[in-house]
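Trainee: no sequence for this one, just the structure:
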């Protein structure tokens with residue numbers, strides 16, 4: 001079963017992926033493969049939104065003869081990612097409680 005990923009969670013996932021190293025769009029989709037279903041048409045609006053809120057910066061760089069647009073997390077983005085992580089832990093703890101209660105009721 002695949003759960004739907006809302007825009008806030010998708011933003012958190014993208015920020016987390018980029019937090020360790022700068023990446024270009026295609027690389028981000030490759031990193032996410034097997035974790036969530038993420039297409040270019042879904043990713044690029046998220047990257048634009050994150051940039052417009054100053055959570056990401058972008059720059060162009062040539063590697064292996066190709067010019068690519070790389071994305072880098074900003075300090076504001078790191079702060080937002082920390083908030084997302086905290087909210088995620090609280091959220092999953094609540095969901096785990098619901099699942100645990102339903103398992104105990106069996």
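Mentor: Thanks, I have the structure now. All of these numbers come straight from a predicted model, not from anything done at the bench.

Trainee: Summarise which helices and strands the longest helix anywhere in the chain is packed against.
Mentor: When the chain is parsed with DSSP state H, its longest helix is helix 75-104. Judged by 3 or more CB pairs under 8 Å, 6 or more residues apart in numbering; DSSP states H and E, the packing partners of helix 75-104 are helix 7-20. (Each C-beta comes from the backbone N, C-alpha and C, glycine too.)

Trainee: next one: the helix it packs on to chain centre, how far?
Mentor: The chain centre lies 2 Å from the centre of helix 7-20; the measure is CA atoms, centre = their mean, to the nearest Å.

Trainee: the inter-axis angle of it versus helix 75-104?
Mentor: Angle of helix 7-20 versus helix 75-104, following axes from the mean of the first three to the mean of the last three CA atoms, to 10 degrees, is 120 degrees.

Trainee: buried stuff in helix 7-20?
Mentor: For helix 7-20, the neighbour count (16 or more other CB atoms under 10 Å) marks 9, 10, 11, 12, 13, 14, 15, 17, 18 as buried.

Trainee: Check which helices and strands that helix is in contact with.
Mentor: With contacts taken as 3+ CB pairs under 8 Å, 6+ apart, helix 7-20 sits against helix 25-32, helix 40-52, strand 66-73, helix 75-104.

Trainee: quick revisit: avg pLDDT for the longest helix of the chain?
Mentor: Average pLDDT, helix 75-104: 91.
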